[in-house]
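1. the sequence and its predicted three-dimensional model are supplied below.
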Amino acid sequence: MQRNHEMKLGLFIVQAGHNEGAWRDPNVPANGGVDIDHYARLAALAETAGFHFLFLADSPSVMDPDHATIARVGRNDGFEPITLLSALSSRTQDIGLVITATTTYCQPYNLARMLASLDHLSRGRAAWNIVTSGFKFEAANFGEEALPDHDTRYHRAREFVEVVKGLWDTWEDDAFIRDKRSGIFVDTTKMHLLNHRRDYLSVRGPLNIARPPQGYPVLVQAGASDVGTEFAAEHAEVVFSVAPYLEYGKKFYETLKEKARARGRKDNQVLVMPGIVPIVGRTKQEASDKLQRFQSYTHIDVLIGTAERLLGYVTDLRSTDLDSLVPEALPQTNFIQSRQKVLLDLAVRQKLTWRQLIRFISDSKGHLMVVGTPDEIADAMVDAFDHQAADGFNVMPATFPGGLEDFVELVVPELRRRGKFKPAYSGQTLRENLGLKRPPNRYSSQA
């Protein structure tokens, strides 16, 4: 098994932080979601620390079902990812830029063009988190009554990704010669029409921008349902996973790598990066006190609304006895199936009540949460890395900027001391820094 001995680190940025009450913390800018300087500060901190990339999640809708929840959450006032990361590309030099865009409600030509543009703007630092839409209210923003069913969304996604890759290949790498003397701007023998027409999409091409510096921006994916895992094994180069405990992470890691190997892919070309929510204190008590303070900011309406969303809108928690045990099963959702499964598995494993589960969801969204000293947080990360449950981590600070500052100041030095994290960037592009190969153009002689 080919594997680098150093872990990868990404920074998962949300407006105020990953704790649902984060925006109420006195040290968090309440308007951070629409403040470019706030994001630039976070990007600079992460780049100085050597993080491999910044990651922005996204949904083209307000995700909450009722006014009681919407009134109290701090996530519905934020920039669209491509716009924001294009701006940050001019304020950073080395760190990767991972946008989220849905294959369900985007058009492949527009998205391929925007991602190629971001890759050129950033000189090879763009990545695309491929999602299929998983929230209840997205469909109505695009003239539909409901989301297509789960498997149909993935069928379209598979075709969508093939089209986007094909568009990035419609110009060979050296097609644009720009020869002033001869008057030839582009060698049209190196231009290729896509002429794609299949079940869901019809796209002629070619793209009206040169092939991206990385060949393709890095392809990222986060689905962990059965069909999502198959999709990741086929297409993803970085996989964001949810692993609230070590055994769960090891099982997912092994399953995904086996599926990727079956498609002829090498282990070091499919990186598994679970989320981690670090609550860092110089002492265990300090870390615990921080978490309790964050929890005090979160209203019960937000706890319930967040849990109902991540469980797939299949249960009415306002009419549920919150001190009863969480059942072993709920109705299957048409939304984010893998998250529902991991949360129910955890609840049954730990014999949680609904009140305990909705608090855990608010604090961590189902990810590994470590409340403790820098040593304890580093221990958990190294343990998962050494036991092949992770190739790195998507770091999810509870608050911004304070949670990130704590992690950079206290945890990153400990990871470096243990030889698990590089102190500097080794390449010019995100692919190079992640150890991922540049895909050849399918039409070139090299291919």
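-> Structure's in. What do you need?
2. isn't His387 right next to Lys250, touching?
-> Yes: the criterion here is C-beta atoms under 8 Å, and His387 meets it with Lys250 at 5.9 Å. Where C-beta positions appear, they are placed from N, C-alpha and C, glycine not excepted.
3. what sits against the spatially closest residue to Leu343 that is not a sequence neighbour?
-> Closest residue in space to Leu343, ignoring its immediate chain neighbours: Gly366 at 5.2 Å, by C-beta to C-beta, 6 or more residues apart in numbering. Applying C-beta atoms under 8 Å, 6 or more residues apart in numbering, one finds that Gly366 lies in contact with Val242, Pro244, Leu310, Arg339, Val342, Leu343, Leu346, Phe360.
4. what number of residues lie near the residue nearest to Leu147 when sequence neighbours are not counted?
-> Leaving aside its sequence neighbours, Leu147 sits nearest to Ala139 (C-beta to C-beta, 6+ apart; 4.9 Å). By the criterion of other C-beta atoms under 10 Å, Ala139 has 17 neighbours.
5. any idea how far Ala139 is from Asp323?
-> 35 Å (C-beta to C-beta, to the nearest Å).
6. the residue nearest to Leu147 contacts Thr102, correct?
-> No: using C-beta under 8 Å, Ala139 makes no contact with Thr102, being 11.1 Å away.
7. need the residues touching each of those two.
-> Ser133.
8. can you pull out the low-pLDDT segments for the protein?
-> Within the chain, the segments meeting pLDDT under 70 span 1-4, 446-447.
9. if we go to 50?
-> Low-confidence segments of the chain, defined by pLDDT under 50: 1.
10. and the strands in it, which stretches?
-> 8-13, 53-56, 96-102, 126-131, 196-197, 202-203, 218-221, 238-241, 271-280, 368-372, 392-395 (DSSP state E).
11. looking at those, which is closest to Glu145?
-> Relative to Glu145, the nearest member of those by C-beta to C-beta is strand 96-102, separated by 17.3 Å.
12. what angle do the closest one and strand 8-13 make?
-> If you take axes from the mean of the first three to the mean of the last three C-alpha atoms, to 10 degrees, strand 96-102 sits at 60 degrees to strand 8-13.
13. and strand 96-102, which strands flank it?
-> strand 53-56 (parallel), strand 126-131 (parallel) (DSSP bridges).
14. any idea how far the last one is from the chain center?
-> Yep, that's strand 126-131 we're talking about. Distance of strand 126-131 from its chain centroid, counting by C-alpha atoms, centre = their mean, to the nearest Å, is 8 Å.
15. residues in contact with it?
-> 53, 55, 57-58, 85, 96-103, 111, 115, 118-119, 157, 161, 164, 212, 214, 217-223, 235-236, 238, 240, 430.
16. export the contacts of Gly366 to a markdown table and tack on neighbour count?
-> Converted to a markdown table, those look like this (neighbours: other C-beta atoms under 10 Å):
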| residue | neighbour count |
| --- | --- |
| Val242 | 24 |
| Pro244 | 22 |
| Leu310 | 22 |
| Arg339 | 23 |
| Val342 | 21 |
| Leu343 | 25 |
| Leu346 | 20 |
| Phe360 | 21 |
